[in-house]
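Enquirer: curious how this folds, go ahead:
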Amino acid sequence: MDTDERRGAAPTADDAYVPRQLWVEEPVARRRMADPVRTAAVRAVIIISLTIIQAMAALLLTLAGAWLAFPVVLSSVASTVVATWAVLDVWITRQVWNQRNGVVSMPSSTARGLRRERRRARRAARAAARGPSRIRRRGSGRLSQA
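Expert: Numbers count the residues shown, from 1 in each chain. Next comes the predicted model:
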């Protein structure tokens, strides 16, 4: 049963010949992350997952009483520090990207409104400076004789 049939709409003659699409593009709610930020995020996820695996190995080795437990616990503490830095790296990279590439386009951004006001003021000042001395020719480009 098609969606239109469920809604009670009668299928038209054009609908009968259109095959169903396998892939339908839908607009996303968020924009894609910038490449450096995405790279840092992937690196952080890999480091965090390895740290969790290492912590689990340290726990199991400690419960088993193996001699390898102590070095693994020490290295998992170091890995925790590295994982924390990786998460901070994602945050810092995102902040730097936003600073270098303009204002974050959000409705609450006041910088856009200020830029818009400054732009309007500059245009008005330029238009006032030009004044009536500027002659605009419209039409065929020939001088009209009056």
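
Enquirer: any idea how far residue 101 lies from residue 94?
Expert: Counting by Cβ to Cβ, to the nearest Å, the gap from residue 101 to residue 94 is 11 Å. (Glycine included, C-beta is placed from N, CA and C.)

Enquirer: for whichever helix in the chain runs longest, packing partners?
Expert: In the chain, with assignment by DSSP state H, the single longest helix is helix 69-100. Where contact means 3 or more Cβ pairs under 8 Å, 6 or more residues apart in numbering; DSSP states H and E, helix 69-100 is packed against helix 35-64.

Enquirer: centre of the chain to the helix it packs on, how far?
Expert: Taking Cα atoms, centre = their mean, to the nearest Å, one finds the center of helix 35-64 at 25 Å from the center of the full chain.

Enquirer: report the buried residues of that helix.
Expert: In terms of neighbour count (16 or more other Cβ atoms under 10 Å), helix 35-64 has its buried residues at 37, 40-41, 44, 47-48, 51, 54-55, 57-58, 61.

Enquirer: quick check: of the residues you listed, which lies closest to residue 131?
Expert: residue 37 (48.6 Å; Cβ to Cβ).

Enquirer: check contacts around that closest one.
Expert: Residue 37 makes contact with 90, 93-94, 97 under the criterion Cβ atoms under 8 Å, 6 or more residues apart in numbering.

Enquirer: hang on, the earlier thing: so for residue 101 and residue 94, which sits in the more crowded spot?
Expert: residue 94 (18 against 9; other Cβ atoms under 10 Å).

Enquirer: ok, back up a step: hey, what's in contact with both of residue 101 and residue 94?
Expert: With Cβ under 8 Å, 6+ apart as the test, residue 101 and residue 94 both reach residue 34.

Enquirer: and the contacts of residue 37 as CSV, adding pLDDT and distance to residue 121?
Expert: Listed next are those as CSV, based on pLDDT from 0 to 100; distance: Cβ to Cβ, whole Å:
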residue, pLDDT, distance to residue 121
90, 96, 39
93, 94, 35
94, 92, 33
97, 90, 30
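
Enquirer: filter those down to the buried ones and hand me the ChimeraX line.
Expert: Only the buried entries of the contacts of residue 37 go into this ChimeraX selection, using 16+ other Cβ under 10 Å:
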select :90,93,94,97
